[in-house]
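Student: my questions are about this predicted structure, shown below with the sequence.
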Amino acid sequence: MRCVIARTSQLHASLTQTTFIAVKPDGVNRRLVGKIIQRFEEKGFQLVAMKMIQPPRELVEEHYAEHKGKGFYNGLVDYLCGGPVVAMQWKGKGVIARSRAMMGATKDAAPGTIRGDFSIEVGRNLVHGSDCAEAAEREIKLWFGEDKINYEDACEKWIYE
Ligand SMILES: Nc1ncnc2c1ncn2[C@@H]1O[C@H](COP(=O)(O)OP(=O)(O)OP(=O)(O)O)[C@@H](O)[C@H]1O
């Protein structure tokens, strides 16, 4: 998602935040879930919720609503709802901007980033991450809804500062 106020995430780099991260179907099928999770844990971020689902089409359409009408939109939706997705919530200081940096650019990501090291093409770029606090809130609600799969409180005391 392209958030018009994405820069606010940069301003809040020292704030403890929760973000939505998803490993897309190519990440699951290429057995990269563990490596991706390891990168987040090594940065000191705390996993507070996780589930694997094959998302319904309506969910993916809403998630990527901003891209509706673009040439790649239908293929993107087909791809996301055509396989398993590992949906997660991660918590930590500045996690929104820092996780986007860890993921790398949408296309031609730099080596050392998740996409730069493992992604094969722009339409199969392994991982999604919210790009601002408002997007994180919206996406967590969309993907987790009323599910009470969230260990945020229980994890709180172990969060790396
Ligand atoms: N030109 C393109 N051709 C094919 N797929 C594209 C193209 N541009 C974007 N996409 C796909 O649409 C997704 C959403 O695009 P967006 O511009 O929001 O990038 P992003 O924020 O880096 O990705 P994501 O929202 O998945 O985290 C991208 O991750 C990519 O898989």
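Tutor: Perfect, I can see it now.
Student: would you mind listing what in this protein touches the ligand?
Tutor: With the criterion set to Cβ under 6 Å from any ligand atom, the chain comes near the ligand through M1, R2, F72, L76, T106, V122, G123, N125, H128, G129, D131. All C-beta atoms are positioned from the backbone trio N, CA, C, and that covers glycine.
Student: any idea which element the residue sitting nearest the centre point of the chain lies in?
Tutor: To find the centre residue of the chain, average its C-alpha atoms and take the closest one (Cα atoms, centre = their mean): that gives I21, at 2.1 Å. When elements are defined using DSSP states H and E, I21 is found to belong to strand 16-23.
Student: return the distance of that strand from the chain's centre.
Tutor: Strand 16-23 sits 6 Å away from the centroid of its parent chain (Cα atoms, centre = their mean, to the nearest Å).
Student: extract the C-alpha set from the helix or strand following it and format it as CSV.
Tutor: Scanning forward in sequence from strand 16-23, with DSSP H and E defining helices and strands, the next element found is helix 25-29. Taking C-alpha atoms only, helix 25-29 is exported to CSV below (Å, rounded to 0.1, in the frame of the first residue of the first chain):
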residue,chain,number,x,y,z
PRO,A,25,2.1,-17.7,-1.3
ASP,A,26,5.5,-17.9,-3.0
GLY,A,27,7.2,-17.4,0.4
VAL,A,28,5.3,-20.3,1.9
ASN,A,29,5.7,-22.5,-1.1
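Student: can you check what angle separates the helix or strand just after helix 25-29 from strand 16-23?
Tutor: Going down the chain from helix 25-29, the next helix or strand is helix 33-42, by DSSP H and E. An angle of 170 degrees separates the directions of helix 33-42 and strand 16-23 when computed by axes from the mean of the first three to the mean of the last three Cα atoms, to 10 degrees.
Student: quick one, strands of the chain?
Tutor: 16-23, 46-53, 85-93, 127-129 (DSSP state E).
Student: can you list the buried residues in the second one?
Tutor: Using 16 or more other Cβ atoms under 10 Å as the burial criterion, the residues of strand 46-53 that qualify are Q46, L47, V48, A49, M50.
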